[in-house]
Structures are given as C-alpha cells and as structure tokens.
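**Q** Need the 3D shape of this:
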Amino acid sequence: MELIVRGEAQRLDLGRHHVGGYWRPTVVGAQLLLDQLIGHPEQRLLLARPEVLVDLAAKLARREAG
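**A** This next block holds a predicted model:
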C-alpha cells in the first residue's frame with residue numbers, strides 16, 4: 001500500500017491479517033491455551049515441548065469450533 005502524508009509517499013507492506021483479519025478459530029484456540037496456562041501454572045512445562053503445545057492448541061481450537 002502507498003500512503004501519502006503531507007505530500008510524501010510511504011510504502012507500507014500489508015499482510016493477510018491487515019485485509020482479512022485473523023481466522024477466528026486460531027484466535028479462540030490461542031486464547032484458550034493462554035487461559036489454560038494462566039489457570040494451571042504447572043502446565044507451563046509444556047512450553048519446553050512446543051510440539052505438544054501446538055497439538056494442545058489445535059485440540060482446543062477444534063473443541064471451540066465443534
């Protein structure tokens with residue numbers, strides 16, 4: 001996108017989230033995951049194993065969407 005301010009042009013790169021928003025299930029899943037980690041601090045050990053964390057996020061998103 002080109003933005004002109006006071007006669008000066010500036011180029012701004014836009015990503016998908018600028019024009020289409022974030023995919024709702026992704027946002028909901030991320031929020032559910034954060035709520036889980038906040039509410040159950042012992043589960044923060046999952047942060048050391050990101051593959052398990054991603055799997056949990058996907059399950060939470062599917063549960064919310066279903």
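
**Q** tell me the SS of the most centrally placed residue in the chain?
**A** Nearest to the geometric centre of the chain sits Val27, at 5.0 Å (C-alpha atoms, centre = their mean). Secondary structure state of Val27, per DSSP: H, G, I helix; E, B strand; the rest coil, is helix.

**Q** okay, it: pLDDT?
**A** Looking at Val27, its pLDDT stands at 81.

**Q** What segments of the protein are strands?
**A** Under the criterion DSSP state E, the chain contains strands at 2-5, 8-11.

**Q** Let me see the contact set for Leu53.
**A** Leu33, Leu46, Leu47 (C-beta atoms under 8 Å, 6 or more residues apart in numbering). For every residue, glycine as well, the C-beta is placed using N, CA and C.

**Q** Pretty sure the first one sits against Leu60.
**A** Spelled out, it's Leu33. Yes. If you go by C-beta atoms under 8 Å, Leu33 and Leu60 touch, sitting 5.8 Å apart.

**Q** picking up where we left off before, ok, so of the contacts of Leu53, who is nearest Glu64?
**A** Within the contacts of Leu53, the smallest distance to Glu64 is 10.7 Å, found for Leu33 (C-beta to C-beta).

**Q** Okay, now the unreliable bits of this protein?
**A** Residues of the chain meeting the criterion pLDDT under 70: 17-19, 21, 65-66.

**Q** Just give the nearest non-adjacent residue to Asp13, would you?
**A** Met1 (7.9 Å; C-beta to C-beta, 6 or more residues apart in numbering).

**Q** Can you give me the neighbour number for the closest residue in space to Ile4 that isn't next to it in sequence?
**A** Closest residue in space to Ile4, ignoring its immediate chain neighbours: Gln10 at 7.6 Å, by C-beta to C-beta, 6+ apart. Residues near Gln10, counting by other C-beta atoms under 10 Å, number 9.
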